[in-house]
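*Asks:* Give me the fold of what follows.
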Amino acid sequence: MTVNTVTALWALALLAAGVSLAADGTNLLTNAGFESALEPAWERRTPDDAQRKTFRAEAGGRSGGAAVLENLAPAYTRLRQGQDRSIAVAPGSLVELSAWVRSELDTNGEAMVQIYCLGNKGEILSQPTSAPLRGACNWTRCRVRTQVPGGTAYVMAYLQIRDGAGKVWFDDAELTVKRPPQKEEPRPAIALLTDLPETNAVLLRARTLFGDGLKRAAPEPAALLGSAGALALYEGAVPPSLGPTLEAFARGGGRVFMDMRAFARIRGAEATAAGVGDVRSPSLATRMRAGLRVVKASDVTAGFEAGQIMPRAGWPDGKLFVLPPGLAIPGLEVLAVAPGGEAGLVRLAAGAGSITACDLLSLREPHCRSVDAYYAFTPVSAALGNPVRFGQYYPLRLNYDGVVEEMKRLAAAHPAVIRVEEEGPASEPYRLWSLNLGKPGAPLYFLYAAAHGSEWEPGYGLMTFARLVAEGKMRDAVDLEKVQIKIIPLLNPSGYERMRRQNAQGVDLNRQGDLNWERFAGKDSNKDGLYGPNDYDWKGASPFSEPEAQVYRKIVGRPELYCLLDYHGNSGAKDNKLGFTPFTGHPDNELMALEVQRIANGRLRGRHLLRQSDEEAPSPYLLDVLRPDGDRPMLINSGARDRFGLLIELTAGYPESYGTVLQTDVTCELCRALFLAYPPPAKWSRE
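*Replies:* Down below sits the predicted model:
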């Protein structure tokens, strides 16, 4: 189902249950001005005791009454509404919770508002919190925005204080829908012609990738009317009408993908199994060489250069079905071959369309550790109209000197566009280098990756992005006469060389910012008895104490800085495919970040399928979640004060480079979306 279909069904179910849906701009809270007793609309989430009290004041609010939360001693005191499931908001909506706050807390105390989005079973799907108001203050508006995640059944609003002692008055609370769910383009209609049962694993994966656009059809021309593409998967004999039906469909402009066995059979032949490499070798480099060698560039092989091997092999014998030698098909293009030269990936032009074929049924699921099947569906999505657009296969994970050489090679290849600059020292003997494009003095976009050294792949994507901009392939998004771009692909060279999170001093560079550095307390993750060097998030001796962080501070201190994009990554699906808006960013930043997500996902939908280490099944690779970050000493919280930008976590941290076509493709799509969603201002001043 599409997001729109699910949302519509969800809305009908709630209406049938007697729950009214939110209208744009309507305050969803009852007794929001506290002009009557707190109950029943508001519930004390924390009961009154020796440490805390919650009550309504008849006067003292901004206008009339107010809710008062009082800490008699440091405590966590909370008042909430919506726990009875009375507040329903359509998933995908942008909501805002705000309240006016007057505080008499001591300097250790904090006041804030928080939104909870919960599923049908009461599970927490998201719980963003506003920036805290610390200590005493006169009436100040406190707010938090979030996009309601899919699966949300109800929403709760919290007013709360924590830590220090004192009273806090809350008044004129509002929970409103700032923007309804964005409409999603319908999935392309793809006709499925197959003898596979619905329980077949390959078919289930195809349905996951193509969603409700994939419909079973008979091998008859009339059944394919209105379809943009056709997917033909047969394990057994093919119907006599299959070949003529697909050829007629292609001649009319249709795009067809066939498993190699069916492709051979409609021509009266049988595909043969060819060995393509050792998929069970203990050597990862050997497993990366098990596959088809690209011999011709095309949209189907996009991301791989001629001569490179697309990792792709059947499990467990390392064989793929290929066309038998001697089979002559007029007009056939061979795009990739097995080691013996057999045609393993082919395309046949037919009128205004084409028919593409390779072995799909022999491959296991595309898992992040299954090198042989990582790109199982990449030729399929490409053949059916959504190829890799910006991905680049890096056959090797380079050492740091090799990365710097690649940066210099890019600049030498595009001397009029790309400049390489040495930015300053990093830990050990390393120096930080940047790629620079655009017009000096224009709004500066600072893109960087690998503050955590093991999260290296988006940095390669940033190098690819620089090349694409220089080649003019991003002109629809990037105008180098109106912007300047600085890219540091690897902010943590020593961590990159060691394939670890921290730098050579054992410091987590992404805890080196100056926002609440003193308050941040990490954990003794290495169990040596203290929080210090080499712990997971050791923050270092002081803010910006590390040379890499000092270079970062120098760059973000430039007056022309306009927007930042900070890439991180890991291989757990729960911890990537997500973005964070900086705690300190411009008030409009969240809306623009949501536009990044919308633009990128609109193009990526139906392109990449992957199962990560903590998933039960493959899923489409999209930017699934976007949420506000907390008030931590993250570097971007220092750089994005009253500016724009976001932090994105992608699948990364692999021991080798076999995933780089997907990783660099997604990285570049998000970079493109950033420049479209955060365009440079029409009037620009560096002051």
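*Asks:* Report the separation between T107 and Q147.
*Replies:* From T107 over to Q147 the distance is 34 Å, taken as Cβ to Cβ, to the nearest Å. C-beta: built from backbone N, CA, C; applies to glycine.
*Asks:* May I have the distance across stretch 492-505, first residue to last?
*Replies:* 11 Å (Cα to Cα, to the nearest Å).
*Asks:* what is the rounded mean pLDDT of that stretch?
*Replies:* Average pLDDT, stretch 492-505: 98.
*Asks:* Report the distance from the biggest helix by length in the chain to the chain centre.
*Replies:* Assignment by DSSP state H gives helix 660-677 as the longest helix of the chain. Distance of helix 660-677 from its chain centroid, counting by Cα atoms, centre = their mean, to the nearest Å, is 10 Å.
*Asks:* What of stretch 243-253?
*Replies:* That offset, for stretch 243-253, works out to 37 Å (Cα atoms, centre = their mean).
*Asks:* Also stretch 259-274?
*Replies:* 38 Å.
*Asks:* got a list of contacts for that stretch?
*Replies:* 232-235, 237-238, 242-243, 246, 314, 319-324, 327, 329, 338-340, 342, 344, 346, 355, 357-361 (Cβ atoms under 8 Å, 6 or more residues apart in numbering).
*Asks:* Could I get the buried residue list for that stretch?
*Replies:* 259-266, 271-274 (16 or more other Cβ atoms under 10 Å).
*Asks:* can you tell me which of those are in helices?
*Replies:* Filtering the buried residues of stretch 259-274 for helices - DSSP H - leaves 260-265.
*Asks:* Which strands and helices lie in contact with the host helix or strand of M310?
*Replies:* Following DSSP states H and E, one finds M310 within strand 309-311. Counting contacts by 3 or more Cβ pairs under 8 Å, 6 or more residues apart in numbering; DSSP states H and E, strand 309-311 packs against helix 284-288, strand 291-294.
*Asks:* now do 6 Å
*Replies:* Applying 3 or more Cβ pairs under 6 Å, 6 or more residues apart in numbering; DSSP states H and E, we find strand 309-311 packed against strand 291-294.
*Asks:* distance between the strand it packs on and the chain's centre?
*Replies:* Using Cα atoms, centre = their mean, the offset of strand 291-294 from its chain centre is 29 Å.
*Asks:* Looking at it now, give me its mean pLDDT.
*Replies:* 98.
*Asks:* Please enumerate the helices of the stretch 501-650 of the chain.
*Replies:* Secondary structure of the stretch 501-650 of the chain by DSSP state H, counting those that start in this stretch: the helices cover 547-556, 589-604, 635-639.
*Asks:* ok but G461 is inside a strand, no?
*Replies:* No - assessed with DSSP: H, G, I helix; E, B strand; the rest coil, G461 is helix; it does not lie in a strand.
*Asks:* Let me see the contact set for it.
*Replies:* 664, 667-668 (Cβ atoms under 6 Å, 6 or more residues apart in numbering).
*Asks:* do the same with A306
*Replies:* Counted by Cβ under 6 Å, 6+ apart, A306 has contacts 294, 297.
*Asks:* try it again with 7 Å
*Replies:* 294-297 (Cβ atoms under 7 Å, 6 or more residues apart in numbering).
*Asks:* what do you get for L38?
*Replies:* Counting by Cβ under 7 Å, 6+ apart, the residues that L38 touches are 56, 67.
*Asks:* Make residue 1 into 3 and carry on from there
*Replies:* Fine by me, first position is 3 from now on; the one you just mentioned is L40.
*Asks:* name the helices or strands packed onto the strand or helix carrying V97?
*Replies:* Using DSSP H and E, V97 sits within strand 96-105. Counting contacts by 3 or more Cβ pairs under 7 Å, 6 or more residues apart in numbering; DSSP states H and E, strand 96-105 is packed against strand 111-120, strand 139-149, strand 156-165, strand 168-181.
*Asks:* wait, which of these is closest to Y564?
*Replies:* strand 139-149 (21.3 Å; Cβ to Cβ).
*Asks:* Show residues contacting the closest one.
*Replies:* Under Cβ under 7 Å, 6+ apart, the answer for strand 139-149 is 64, 94, 96-105, 113-117, 128, 130-132, 135, 180, 592, 596, 628-630.
*Asks:* Can you tell me the strand partners of it and which way each runs?
*Replies:* Using DSSP bridges, strand 139-149 pairs in its sheet with strand 96-105 (antiparallel).
*Asks:* quick one: the partner strand to strand 168-181, angle?
*Replies:* Per axes from the mean of the first three to the mean of the last three Cα atoms, to 10 degrees, the angle that strand 96-105 makes with strand 168-181 is 160 degrees.
*Asks:* Dump the C-alpha coordinates for strand 96-105 into CSV.
*Replies:* In CSV, the C-alpha atoms belonging to strand 96-105 read as follows (Å, rounded to 0.1, in the frame of the first residue of the first chain):
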residue,chain,number,x,y,z
LEU,A,96,3.8,18.1,11.0
VAL,A,97,2.7,19.0,14.5
GLU,A,98,3.7,21.7,17.0
LEU,A,99,3.3,21.7,20.8
SER,A,100,3.9,25.0,22.5
ALA,A,101,3.2,26.6,25.9
TRP,A,102,4.1,29.9,27.6
VAL,A,103,6.3,29.4,30.6
ARG,A,104,7.3,31.5,33.6
SER,A,105,9.9,29.9,35.9
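*Asks:* For that strand, buried residues please.
*Replies:* Quick answer for strand 96-105 (16+ other Cβ under 10 Å): 96-105.
*Asks:* of those, closest to P681?
*Replies:* Set against P681, the nearest of those by Cβ to Cβ is L96 (19.9 Å).
*Asks:* beta partners for the closest one?
*Replies:* Q149, R181.
*Asks:* Kindly give the local confidence score, pLDDT, for it.
*Replies:* In this prediction, L96 has a pLDDT value of 91.
*Asks:* from what I can see it touches T178, true?
*Replies:* No - using Cβ atoms under 7 Å as the test, L96 is too far from T178 to be in contact (9.7 Å).
*Asks:* which residues of this protein score low on pLDDT?
*Replies:* Under the criterion pLDDT under 70, the flagged ranges of the chain are 3-26, 688-689.
*Asks:* quick check: domain ranges of it?
*Replies:* 5-181, 192-385, 402-679 (automatic domain parsing).
*Asks:* Kindly reformat those domains as a markdown table containing distance to Y396.
*Replies:* Converted to a markdown table, the domains of the chain look like this (distance: least, Cβ to Cβ, whole Å):
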| stretch | distance to Y396 |
| --- | --- |
| domain 5-181 | 33 |
| domain 192-385 | 10 |
| domain 402-679 | 4 |
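*Asks:* Figure out which of those is closest to K685.
*Replies:* Of the domains of the chain, nearest to K685 by Cβ to Cβ is domain 402-679, at 10.7 Å.
*Asks:* tell me how far the ends of the closest one are from each other?
*Replies:* Span of domain 402-679 from end to end, Cα to Cα: 32 Å.
*Asks:* Packing partners of the longest helix of the chain?
*Replies:* By 3+ Cβ pairs under 7 Å, 6+ apart, helix 662-679 packs against helix 459-472, strand 563-572, helix 591-606, strand 646-653.
*Asks:* what's the angle between the second one and helix 662-679?
*Replies:* Right, strand 563-572. Going by the same axes, to 10 degrees, strand 563-572 makes 150 degrees with helix 662-679.
*Asks:* contact partners of the longest helix of the chain?
*Replies:* So helix 662-679 is contacted by 305-306, 377, 390-396, 449, 459-460, 462-464, 466-467, 470, 476, 479-480, 567, 569, 594, 597-598, 601-602, 605-606, 610, 612, 623, 625, 650, 652-654 (Cβ under 7 Å, 6+ apart).
*Asks:* hmm, try it at 6 Å
*Replies:* So helix 662-679 is in contact with 305, 390, 392-396, 459-460, 462-463, 466-467, 476, 479-480, 567, 594, 597-598, 601-602, 605-606, 610, going by Cβ under 6 Å, 6+ apart.
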